[in-house]
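Chemist: this one's sequence-less:
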């Protein structure tokens, strides 16, 4: 059994990790930390876990976490990088669901996250944990930077087009929409139901932290610069991300449907819908799947890719477990073979 | 492997059966019928099942269904009773998620369901499939009448009080609330999001079909007449039932918390919350659990029981699989050990 | 023009007062206070008011508020009683939307609100502003205690039955449900959309502050003691209260439909629906109406009253304006003749 | 008083017309037709109108409608063109909320709406009723084609950029999102709350009927061809449209904020938000306003315009009344000075 620890267990990605891991046949969750709830039972905070986990939240201590085989950081940005060196030293494998190790350029990280990075050398070592791009590197990683939710849906959607060099890299557009669980489980007026229910708005149109992450990933694939406009929106619902992606074909179009199906035919968690379909976030709710459809409206030269995930699963905790499975030589889908909760 | 058939696979209870059964290690779904969608792939209608089921809907034919070990009816009322005799004859075990075999009195059935019952003799044989009341009978049943959603939450909530004879049976009140998935997947104005979203109303205050079912069950336990007022309401959400139950204690109150915990200590799917708690439908979403709390406000003689389930799981498909497990000698929780999807 | 001030303008009852008052032909809003937002434009916080109000939030100062003809308190409990004496002294009429002057017994107030009342003498003077009960007293009041949201829906629903002495006063049940805007516009995890969307739960089953308020009002009418069980629930929607009320008839039932219609025939804002109907909160959304239906299920001796309001309008700001109209000799419905926003 | 008739009064645009018109001081609604509900009271179908309208639905008859000063068509596409000639002959002014007279090219109409147009000559006469583009023509029109909901939000958003020739007309992108009330009040599975709640998806990515309408309007303004990709999405909420519009600047950017403020300074119903803002559909809910913000992310050459309306008001019934006001020489905002229902 793999002994797993979760740092920051009271947020939505924390409880989602628990939802998945308590049923994972190869894992035992031995530590769940929370500064605020230390000492109280995990299932007192999360009654959906009653009978499935028998431990209390503890304070985050390197010594206790150091007994784990793997530690997940489900913490606000800036926390993981403070604990990472000491835990790596103790031989613990780390999967960081926050943004601390996603950007390869420490200066860029500082610009978007507002403080200097504390272990820039580890940035280099960290593997960006999008298995559909970096599966082999993940398998041997000690430290995985789990991708952001928007970046997961956006990169998977653009990947085949960019790998094949089919589109102009100047002027990509990502119109992305997220459910409110993406805002986390902290007290804030802007995420109240009275504010977000029956309402829809864009935010951060001037620039969102996930933009440099997406651009970095796509530039790696393209081998050259990518220019993207990225506008996030807040959906009046809890779970789900829908990325609507626009690009210009640079030449005559191949069969895009076939291209997408071929590209992901060995990726269990990426499902290319039949031609003409429109993926629905409701069909991936609670599952680790990304469903994608690709369109060329009116046969023109604009490609529209529709890509949906559950932001808490494939966009966070599910992908983290997928990475863990790879890092420990387990079946990639272990513990993640669930069916989306429709309706 | 148990070969399972589903009659009426295009409704919400049908797809919910599929969601559970495709991951059940002892079951293979071999037939899913739908008059309207016969010939088309199941996963074309339900993209959440893509990659998990490889068959097409077929027309409901006794011969094909007769090859199954168990057939679930996820049909409108009045359908199951037309096919039941022929299937029983072929040795198929039947679990009816509709109301055809729930009421023991054919005259009462006719009154509430508007047509004469076609096989009143089988009513007698049918076992009412609330395992927490009738577990042993279910194990040996050929024909199980799967309880309604409201009746499941309501009976489980009242059960300990009535078994112990603690409350007045005259004047029970069940104020029950359901998500809109209870209205099914048929085209109707009253279930449109524009009608039901951001709105709340009671319905059928003059009398709902689930009232006689609840009363029958509680009278069986009480051994005498039960008088109940039962008012259902429609919640602006998809899944979940919350029953708020009111009764008058007839004498000095025992420790109700202890009573409830003891009563259900061997029932895997009934979870009594700690004293003072309030169950939330969100904590049982997608799971087969019933969570219950019991209160005596201000120490008075009125007991308030709060009982929540997911109407499509413990209130329908999950309970049906629980019954199937019992009928086939499997572990009662096989295929049902999931964690509720919170948030 | 009546000069109106609003203390506590950044909460939902505050902005709802503004929504109504900026279009009220006899009122000019001259002061809106907010400690946190003082100095910033009101329409910067509330873009729905752009072009309709041209002032900034100010700090609450007796001198400035003292220039108003009427001041509304849309503040947390405990604030109004601190400012009331000074403002009354300056001849300002006061309408308190908080709970400070609702309970007539200072000891009871202290028990439920957790601090001693600071001006118990003014409690006596304050008029409980439910116009359908106390219209004449409101007209001459200097200080109106605007009723709570649940108490408005509950008292209007029980009123005819109690006035006519038709029901047992022992064992009344009020199963009440509210949208989340009732929890206010403050940062709190429990009111996040991720917590309250797609979920339903009871709360405060052991005792809610609105219970003593309801009981006080009904006992006034009954002239004797009233025993009530009152269980509030949180609806996954923003606006609306639905009270489902249960009582036992003590004798032969008169024509309840006629009784209700007669009782409220002169009350513009109470609308008795036709026999057999079920009011929907969606049909009073944004309006000052209370819609009520009365049922005797199966012709028994239990009366079920269904009563709906918009918690922010008839349950708060609309009723406050209705009271203001009465206090200033205006038409009772001035500024309140709107149509509910359906769908 | 203007005598108004509504053809097709049982749909959402019909009831929304009623919501506005019953409070309009210059209008009396004298006829509301509905084939299905003829003979029953309007307020029996729409309890939010109780006490505000005293008539019954009638069958649509030219003779009765011919007594009106103005008739609104709130009908499915293809109905208005069948009644228009006879009503114009009787001197009735017509406002068609359906699509019958929106497209100027009968062949294009036939292509998108699937049948030949029956009165192509009247297409020429019809005025496209977007007052912010065509105010003067609307004033003298006999027949107004009321714009679609998406086209209203999209055209208002692009207008200043195209009028000033600032953007490339090749490759415009409109990523548009609508609440489900846009799907109307007809029984259909795809608009059930169980299907649309907690879910988000695109639809008609290959081509939506509103695309040619938008293109026609923008080409009129541009005086040359416009190429646009238009992808609609369905929001899990009832009311509201959000258009996210993308265009490439062709040269050095002027002060776009100033440009937008100037362009609409005389348009009561278009509100340009301060620089950096993000409009929220919740701030226009129930009002006839369009709120717009304009961004150039990271100072690049891609303009992002965010434009929100209430699809049933500025996107349908409110705009129709705005047009009526212009046609009858009333104040343009008569009957439409309401405040959006936030929260």
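Modeler: Okay, I see it. This is a predicted model, so every value here is computed, not measured. Numbers count the residues shown, from 1 in each chain, chains lettered A, B, ... in the order given.
Chemist: Quick one: mean pLDDT for the lengthiest helix in chain A?
Modeler: With residue count as the measure and DSSP state H as the assignment, chain A has helix A:149-163 as its longest helix. Rounded to a whole number, the mean pLDDT of helix A:149-163 is 98.
Chemist: Check the offset of it from the chain's centre.
Modeler: In terms of Cα atoms, centre = their mean, to the nearest Å, the centre of helix A:149-163 is set 12 Å apart from its chain centre.
Chemist: Which strands and helices lie in contact with that helix?
Modeler: Under the contact definition 3 or more Cβ pairs under 8 Å, 6 or more residues apart in numbering or on different chains; DSSP states H and E, helix A:149-163 sits against helix A:131-139, strand A:170-178, helix A:210-222, strand A:227-234, strand A:241-248, helix A:256-263, strand A:290-295, strand A:302-309. Yep, even glycine has a C-beta here, placed from its N, CA and C like the rest.
Chemist: Disregarding residues adjacent in the polypeptide, which is nearest to residue A:191?
Modeler: Excluding its sequence neighbours, the residue lying closest to residue A:191 (Cβ to Cβ, 6 or more residues apart in numbering or on different chains) is residue A:183, at 4.4 Å.
Chemist: ok, now which ones touch residue A:215?
Modeler: The contact partners of residue A:215, by Cβ atoms under 8 Å, 6 or more residues apart in numbering or on different chains, come to A:226, A:228.
Chemist: Let me know the pLDDT of it.
Modeler: On the pLDDT scale, residue A:215 gets 97.
Chemist: same question, the one 4 residues further on
Modeler: Looking at residue A:219, its pLDDT is 98.
Chemist: Start from the N-terminal end of the stretch 51-200 of chain A and give the strands.
Modeler: A:70-73, A:93-96, A:127-128, A:143-145, A:170-178 (DSSP state E, counting those that start in this stretch).
Chemist: Run the chain-centre distance for the second one.
Modeler: Pointing back at strand A:93-96 there. Taking the mean of its C-alpha atoms, strand A:93-96 sits 14 Å from the chain's own mean (Cα atoms, centre = their mean).
Chemist: Would you mind naming what in the stretch 151-300 of chain A lies close to chain B?
Modeler: Where proximity means Cβ under 8 Å from any Cβ of the partner chain, the interface of the stretch 151-300 of chain A facing chain B comprises A:181, A:185, A:197-198, A:238-239, A:271, A:273-274, A:277, A:279-280, A:282-287, A:291.
Chemist: picking up where we left off before, my guess is the residue nearest to residue A:191 contacts residue A:190, does it?
Modeler: Yes - Residue A:183 is within contact range of residue A:190, at 7.3 Å (criterion: Cβ atoms under 8 Å).
Chemist: out of the two, which sits in the more crowded spot?
Modeler: In this view residue A:183 and residue A:190 are compared by other Cβ atoms under 10 Å in any protein chain shown, and residue A:183 has more residues nearby, 18 against 13.
Chemist: For the more buried one, give me its contacts.
Modeler: For residue A:183, the residues meeting the contact criterion (Cβ under 8 Å, 6+ apart) are A:190, A:191, A:234, C:194.
Chemist: Hmm, residue A:130 is touching residue A:147, no?
Modeler: Yes - using Cβ under 8 Å as the test, residue A:130 is close enough to residue A:147 to be in contact (5.0 Å).
Chemist: in the stretch 1-150 of chain A, what residue is nearest chain B?
Modeler: Of all residues in the stretch 1-150 of chain A, the one sitting closest to chain B is residue A:48 (3.9 Å; Cβ to the nearest Cβ).
Chemist: quick one, phi/psi of the residue nearest to that residue when sequence neighbours are not counted?
Modeler: Take residue A:48 and drop its neighbours on the chain: the residue closest to it by Cβ to Cβ, 6+ apart is residue B:340, 3.9 Å away. Dihedral pair for residue B:340: phi -60, psi 150, per degrees, to the nearest 10.
Chemist: can you list the domain ranges for chain A.
Modeler: A:2-125, A:150-311 (automatic domain parsing).
Chemist: Quickly compare the ones you listed and say which is most buried.
Modeler: For these, average neighbour numbers computed from mean count of other Cβ atoms under 10 Å in any protein chain shown are highest in domain A:150-311, which has a mean of 22.
Chemist: residue contacts, the closest residue to residue A:259 other than its chain neighbours?
Modeler: Closest residue to residue A:259 apart from its sequence neighbours, by Cβ to Cβ, 6+ apart: residue A:160 at 5.2 Å. Contact partners of residue A:160, counting by Cβ under 8 Å, 6+ apart, are A:256, A:259, A:260, A:263, A:264.
Chemist: Also residue A:119?
Modeler: Taking Cβ under 8 Å, 6+ apart as the contact definition, residue A:119 lies against A:81, A:84, A:85.
Chemist: For it, give its distance to residue A:74.
Modeler: Distance of residue A:119 to residue A:74, given as Cβ to Cβ, to the nearest Å: 19 Å.
Chemist: Repeat that for residue A:130.
Modeler: Residue A:130 sits 18 Å away from residue A:74, going by Cβ to Cβ.
Chemist: Enumerate every residue touching residue A:202.
Modeler: Residue A:202 makes contact with A:231, A:232, A:233, A:234, D:242, D:244, D:278, D:306 under the criterion Cβ under 8 Å, 6+ apart.
Chemist: from memory the fifth one sits against residue D:311, does it?
Modeler: No - proximity of residue D:242 to residue D:311 does not meet the contact threshold set by Cβ under 8 Å, at 10.0 Å.
Chemist: quick one: common contacting residues for these two?
Modeler: Taking Cβ under 8 Å, 6+ apart as the contact definition, residue D:242 and residue D:311 share no neighbouring residue.
Chemist: picking up where we left off before, got the angle between the longest helix of chain A and helix A:131-139?
Modeler: What separates the directions of helix A:149-163 and helix A:131-139 is an angle of 100 degrees, with axes from the mean of the first three to the mean of the last three Cα atoms, to 10 degrees.
Chemist: Run the angle between helix A:149-163 and helix A:256-263 for me.
Modeler: Between the axis of helix A:149-163 and that of helix A:256-263 there is an angle of 110 degrees, by the same axes, to 10 degrees.
Chemist: where are the low-confidence patches of the stretch 201-343 of chain A?
Modeler: For the stretch 201-343 of chain A, no stretch is flagged by pLDDT under 70.
Chemist: helix/strand/coil for whatever residue of it ends up closest to chain D?
Modeler: Sorted by distance to chain D under Cβ to the nearest Cβ, the residues of the stretch 201-343 of chain A start with residue A:282, at 3.3 Å. Going by DSSP: H, G, I helix; E, B strand; the rest coil, the secondary structure assigned to residue A:282 is helix.
Chemist: Within range of chain C, give me the residues from the stretch 151-300 of chain A.
Modeler: Within reach of chain C by Cβ under 8 Å from any Cβ, the stretch 151-300 of chain A has these residues: A:180-181, A:183, A:185-189, A:191-198, A:236-238.
Chemist: Show me the residues you listed that map onto helices.
Modeler: Of the positions in these, A:193, A:194, A:195, A:196 sit in helices, assigned by DSSP H.
Chemist: give me the subset of the residues you listed touching chain D.
Modeler: Restricting those to those near chain D - Cβ under 8 Å from any Cβ - leaves A:194, A:195.
Chemist: can I get the domains of chain A in TSV with distance to residue B:316?
Modeler: Below are the domains of chain A laid out as TSV (distance: least, Cβ to Cβ, whole Å):
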stretch	distance to residue B:316
domain A:2-125	19
domain A:150-311	18
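Chemist: of residue A:130 and residue A:147, who's got more company?
Modeler: For residue A:130 versus residue A:147, neighbours defined as other Cβ under 10 Å are more numerous around residue A:147 (31 against 22).
Chemist: tell me the contacts of the more buried one?
Modeler: A:102, A:128, A:129, A:130, A:155, A:213, A:217, A:315, A:319.
Chemist: Tell me the bridge partners for the second one.
Modeler: Spelled out, it's residue A:128. For residue A:128, the beta-bridge partners are residue A:145 (DSSP bridges).
Chemist: Would you check that it makes contact with residue A:141?
Modeler: No - Residue A:128 is not in contact with residue A:141 according to Cβ under 8 Å; the separation is 9.5 Å.
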